[in-house]
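Chemist: Starting from these lines, generate the structure:
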Amino acid sequence: MIYVVLGMHKSGTTLAAQILHHSGINMGENLENGVSYDQGNQYERESTWRLNEDILQAQHQRSIDIRLPVNPQLSPAQRDRMRQIIVSANQQYTHWGFKDPRTCLVYPLWASELPEHRLIVIYRDPTEPWPRYRPRHARNRYREPFVAWRYLQSWCEHNLKILSYLKETTQPYIVLDYQQLVTTQAEFERLQQFLGMPLVDRRRPSLYRNRPQTYPALSFAGWLLNKQKGYRPQSILQQFEAYRQ
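Modeler: Numbers count the residues shown, from 1 in each chain. This is a model prediction of the structure:
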């Protein structure tokens, strides 16, 4: 079986992939046992994220600067690469998958080539990852309102895309709340039941440091994005919660 992990950057995709990989679902080559999900950008299949970068023309771009594609298409060469990735992994592994937050923007292209697969969606309150993006030095704080706007716009775009896929997909899926996955046994058991196999618990609650809180710059960015684009982060979270039930 093939598993596709979908989630915005810094939203728990590494943790999900780490659990899967150590439970017998290959999520990439040359993955180190000592790698922690706290480091981020780990447990990724290099061939898939490189192809996603190529499709999005996003090489060397910050995650929040990747533009939302209007109508992404595969070139013949990219389609061949995608097919080769799928064929090669199917030949090597009974169970395999991949996670790359950029897949949120191009999943329909993968869905057009993948055989039967399962979706593991994970979401996180946008205030929690914000400290990772927030300008840290006082001399850069003047940029905080713009960075907050850009970050929250990217968060909304990634997650709205995921919600649109959930409405249309015919593939089995599960929606996980990152906070619940890290802090409760019930969410871990939901994932275990969905996969139908015992899972190796790689969670480390001590690493869950950034809890939901209020940031003025992020609150203003949310107000502005609602005015400009109709994006409402709280509504997005509520829709994900409805899919969890």
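
Chemist: rest of the way, CA atoms for contacts and neighbours
Modeler: Will do.

Chemist: Is residue 176 located within a strand, as I assumed?
Modeler: Yes. Using DSSP: H, G, I helix; E, B strand; the rest coil, the assignment for residue 176 is a strand.

Chemist: How about the one helix or strand residue 225 maps to, which residues are buried there?
Modeler: For residue 225, the host element (DSSP states H and E) is helix 216-229. Residues 217, 218, 219, 221, 222, 223, 224, 225 are the ones in helix 216-229 that count as buried (16 or more other CA atoms under 10 Å).

Chemist: Would you map the helices across this structure?
Modeler: Secondary structure of the chain (DSSP state H): helices located at 13-21, 46-56, 76-92, 103-111, 130-133, 144-168, 178-183, 185-195, 216-229, 233-244.

Chemist: Show me what the third one is packed against.
Modeler: Going back to what we said before, that points to helix 76-92. helix 46-56 (3 or more CA pairs under 8 Å, 6 or more residues apart in numbering; DSSP states H and E).

Chemist: Give me whichever of the helices of the chain is most buried.
Modeler: With neighbours defined as mean count of other CA atoms under 10 Å, the helices of the chain peak in mean count at helix 13-21, which reaches a mean of 26.

Chemist: next one: that helix to chain centre, how far?
Modeler: Relative to the chain's own centre, helix 13-21 is displaced by 11 Å; criterion: CA atoms, centre = their mean, to the nearest Å.

Chemist: what's next to that helix, contact-wise?
Modeler: Contacting residues not belonging to helix 13-21 are listed as 5-7, 26-27, 37, 40-44, 98-101, 122, 199-203 [CA atoms under 8 Å, 6 or more residues apart in numbering].

Chemist: and the closest residue to residue 198 other than its chain neighbours, how far is that from residue 90?
Modeler: For residue 198, ignoring the flanking residues on the chain, the nearest one in space by CA to CA, 6 or more residues apart in numbering is residue 192 at 6.2 Å. As judged by CA to CA, to the nearest Å, residue 192 and residue 90 stand 22 Å apart.

Chemist: what does the helix holding residue 225 rub up against?
Modeler: The list of residues contacting helix 216-229 from outside it, by CA under 8 Å, 6+ apart, reads 127, 144, 145, 148, 149, 152, 153, 231, 232, 233.

Chemist: and which of the residues you listed is nearest residue 113?
Modeler: Top of the list for closeness to residue 113, among the contacts of helix 216-229 and by CA to CA, is residue 153 at 29.0 Å.

Chemist: Isn't residue 243 up against residue 173?
Modeler: No. With contact defined as CA atoms under 8 Å, residue 243 does not reach residue 173; the gap is 9.6 Å.

Chemist: Specify the beta-bridge partners of residue 122.
Modeler: On the basis of DSSP bridges, residue 122 takes part in beta bridges with residue 176.

Chemist: Next: residue 117.
Modeler: The residues that residue 117 bridges to, once DSSP bridges is applied, are residue 2.

Chemist: helices and strands around the lowest-mean-pLDDT helix or strand in the chain, which ones?
Modeler: Sorted by mean pLDDT, DSSP states H and E, the helices and strands of the chain end with helix 130-133, the least confident at a mean of 88. The criterion is 3+ CA pairs under 8 Å, 6+ apart, and the helices and strands that helix 130-133 contacts are helix 144-168.

Chemist: by how many degrees do the helix it packs on and helix 233-244 diverge?
Modeler: Here the directions of helix 144-168 and helix 233-244 differ by 30 degrees (axes from the mean of the first three to the mean of the last three CA atoms, to 10 degrees).
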